[in-house]
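**Student:** Attaching a predicted model along with its sequence, questions to come.
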Amino acid sequence: MSLYACLTAESLCFKNKIMKLFSFEKLKVGQKARQLSILIYKSTKTFPDEERYGLISQMRRCSVSISSNIAALELLNQSILSNDLEFLPDEHYLKIRKDITEITAMLDGLYKSQINS
C-alpha cells in the first residue's frame, strides 16, 4: 500500500493524516523531477568514493535543484524528498508539513490583507 493513500485533487493522506496538497505536487513535471532525484541518489551510491565531493555531490544537488526550482515551496519539496529517501523520519516530516501549511496560510492572509488595503 502506498504511503500516499486517498490522494484527491486537494488533499492527500499520509499514514492516516490528511494534508493539503500543494499545487506543485499536482504537476506531472514536479512528480517526475522528484522521481529523477530519487533515481540519482540511488544511482550515485555505487560511484567510487573519490567522487563523493565531485560528481556525486554535483549530480545530487543538481537533481534536487530541478524539482526545487519548480516548487515555490522549496523547503516542502526537500522535506518530501528527504522523507522519500528515509533521511527524515515521518514524525518530523509531518510536523514540517503542518508548519509549512500554517505558515503559507498566514502568508496568504497577509498578502490578501495588503491587496485589500
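**Tutor:** That came through, no problem.
**Student:** show me where the chain has helices.
**Tutor:** Along the chain, the segments classed as helices by DSSP state H run 23-26, 28-44, 57-70, 74-84, 90-115.
**Student:** Tell me which of the ones you listed sits nearest to residue 12.
**Tutor:** Smallest distance to residue 12 across those (CB to CB): 7.8 Å, for helix 23-26. (Glycine included, C-beta is placed from N, CA and C.)
**Student:** That closest one - what's its average pLDDT?
**Tutor:** Averaged across helix 23-26, pLDDT comes to 72.
**Student:** Now find how far off-centre that helix is within its chain.
**Tutor:** Taking the mean of its C-alpha atoms, helix 23-26 sits 10 Å from the chain's own mean (CA atoms, centre = their mean, to the nearest Å).
**Student:** Averaged pLDDT, stretch 66-83. What do you get?
**Tutor:** 78.
**Student:** Now stretch 109-117: average pLDDT?
**Tutor:** The model assigns stretch 109-117 a mean pLDDT of 73.
**Student:** for the helices of the chain, which one ends up most surrounded?
**Tutor:** helix 74-84 (a mean of 19; mean count of other CB atoms under 10 Å).
**Student:** just checking, what packs against it?
**Tutor:** helix 28-44, helix 57-70, helix 90-115 (3 or more CB pairs under 8 Å, 6 or more residues apart in numbering; DSSP states H and E).
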